[in-house]
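# Turn this into a model:
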Amino acid sequence: MLAVAWLQFGGVSPAVAAPVVQRVADLNNVQISYRERGKGRPVLFVHALLLDSRLWTDQLNALCETRRCLAPDFSGHGHSSHVTATKVDSRKYASELLEFLDAVGAREPVDVVGLSGGGNIALLACAQQPTRCRSVTLISSVVGGSLDPAGVRYRAENARTVVIEGKDTLFRRFNEYIVAPSASLTARARYRSMLEQTPYETFVAFLTAAEQQPAASELLPKLPMPVMIPVGTGDSVLTPEMARKSAAAFMNARVVELPSAGRLLPLESPAELNQALGTFWNELDSGGARR
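Numbering: from 1, shown residues only. Next comes the predicted model:
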């Protein structure tokens, strides 16, 4: 069942498209806050963990003329219900995405766009129900595998840091590599705003989770849909070379390089990302987008 709380969130002239609105969807166990704009084939934007749906503001504003853009907040993020789980469970979040699509009446196959861990969760959702997903766009998402012991220790250290020293300390640490050196002050500010709104317990649940992700060999055969991997040439976590290697493992994938940007393409290079998304989807509309 869908309960809708209408809250205007801003936007541009209604002569172009109705403005972005913020709504609430009642799922079985949680309330999910989401932003929506536009009409047409549905697009599901999946934010990175520790961030929220504001990540996609530029995409909702630019792509709404021909698409129904949906950007939910995971539970424990943004304005969605807080959670009491002590560890993040990506499979649970994947099921949450599928339940969300049911709640908002997105019946036809959706184009999914995910950033970082949100991309991995999107893949899990698409693998559960492949017919629900027409395409997937992955931004700085490492497919398959799990953290090594050094990565587990690094995250645990960050969990302690954020609780004892505060989110400001963690932002300063992340800011050194999450965005490219050329990232604008506005992009950094928007990133910081989202981090600051995320509950401390969500930081701990994410940073102390060492869940085993499905291996690429197990996951990829379940994902026959077209995949696009936009990558910033300044991304130090998923480099263009790594993106090309990842794309080669999918049945049908392409890499699009965006100059200078780091991991946060929706904030750092919104116009270039929007153009890549529009081109990809238009090709799908016309029966193209094949390798």
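# from here on, contacts and neighbour counts on C-alpha atoms
Noted.
# Now do the helices in the stretch 51-200 of the chain.
57-63, 90-103, 117-128, 149-165, 167-174, 185-197, 200-207 (DSSP state H, counting those that start in this stretch).
# Pick the most deeply packed of these.
helix 117-128 (a mean of 25; mean count of other C-alpha atoms under 10 Å).
# Need the contact partners of that one.
46-49, 90-91, 93-95, 97-98, 112-114, 132-133, 136-143, 219, 222-223 (C-alpha atoms under 8 Å, 6 or more residues apart in numbering).
# Dump the helices of the stretch 51-200 of the chain to TSV, plus mean pLDDT and distance to residue 277.
Shown next, in TSV, are the helices of the stretch 51-200 of the chain (pLDDT from 0 to 100; distance: least, C-alpha to C-alpha, whole Å):
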stretch	mean pLDDT	distance to residue 277
helix 57-63	97	9
helix 90-103	97	20
helix 117-128	96	15
helix 149-165	94	32
helix 167-174	95	27
helix 185-197	97	20
helix 200-207	96	29
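# so can I have a markdown table of those helices showing distance to residue 251?
Below are those laid out as a markdown table (distance: least, C-alpha to C-alpha, whole Å):
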| stretch | distance to residue 251 |
| --- | --- |
| helix 57-63 | 27 |
| helix 90-103 | 21 |
| helix 117-128 | 13 |
| helix 149-165 | 29 |
| helix 167-174 | 33 |
| helix 185-197 | 33 |
| helix 200-207 | 30 |
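# Which one of these lies nearest to residue 278?
Residue 278 sits nearest to helix 57-63 of all those, at 7.4 Å, using C-alpha to C-alpha.
# List of residues touching the closest one?
Residues contacting helix 57-63 (C-alpha under 8 Å, 6+ apart): 11-12, 20, 36-38, 69-70, 266-267, 270, 274, 278.
# What of stretch 259-277?
Against stretch 259-277 from outside (C-alpha under 8 Å, 6+ apart): 55-56, 58-59, 62-63, 115, 139-140, 177-180, 182-184, 187, 190-191, 230-238, 256, 258.
# neighbours around residue 136, how many?
By other C-alpha atoms under 10 Å, the residues close to residue 136 number 24.
# low-confidence ranges in this structure?
Where the chain drops to pLDDT under 70, the residues are 1-17, 145, 289-291.
# if we go to 80?
1-18, 144-147, 210-213, 288-291 (pLDDT under 80).
# from the contacts of helix 57-63, which single one is nearest residue 86?
Using C-alpha to C-alpha, the contacts of helix 57-63 come closest to residue 86 at residue 70, 27.6 Å.
# Could you list which residues are in contact with residue 92?
By C-alpha under 8 Å, 6+ apart, the contact set of residue 92 is empty.
# er, residue 31 I mean
24-25, 75, 80-81.
# Looking at those, state which has the most neighbours.
Going by other C-alpha under 10 Å, residue 25 tops the contacts of residue 31 with 23 neighbours.
# Could you check how far that residue is from residue 53?
Computed as C-alpha to C-alpha, to the nearest Å, the residue 25 to residue 53 distance reads 14 Å.
# now residue 246
26 Å.
# Looking only at neighbour counts, state which of those two leads.
Taking neighbours as other C-alpha under 10 Å, residue 246 and residue 53 compare with residue 53 leading, 24 against 20.
# Report the contact partners of that one.
Contacts of residue 53 (C-alpha under 8 Å, 6+ apart): 34-35, 45-47, 71-73, 78.
# Please tell me how far it sits from residue 98.
17 Å.
# What of residue 146?
24 Å.
# same thing with residue 51?
From residue 51 to residue 98 the distance is 20 Å (C-alpha to C-alpha).
# cool, and residue 234?
Taking C-alpha to C-alpha, one finds residue 234 at 33 Å from residue 98.
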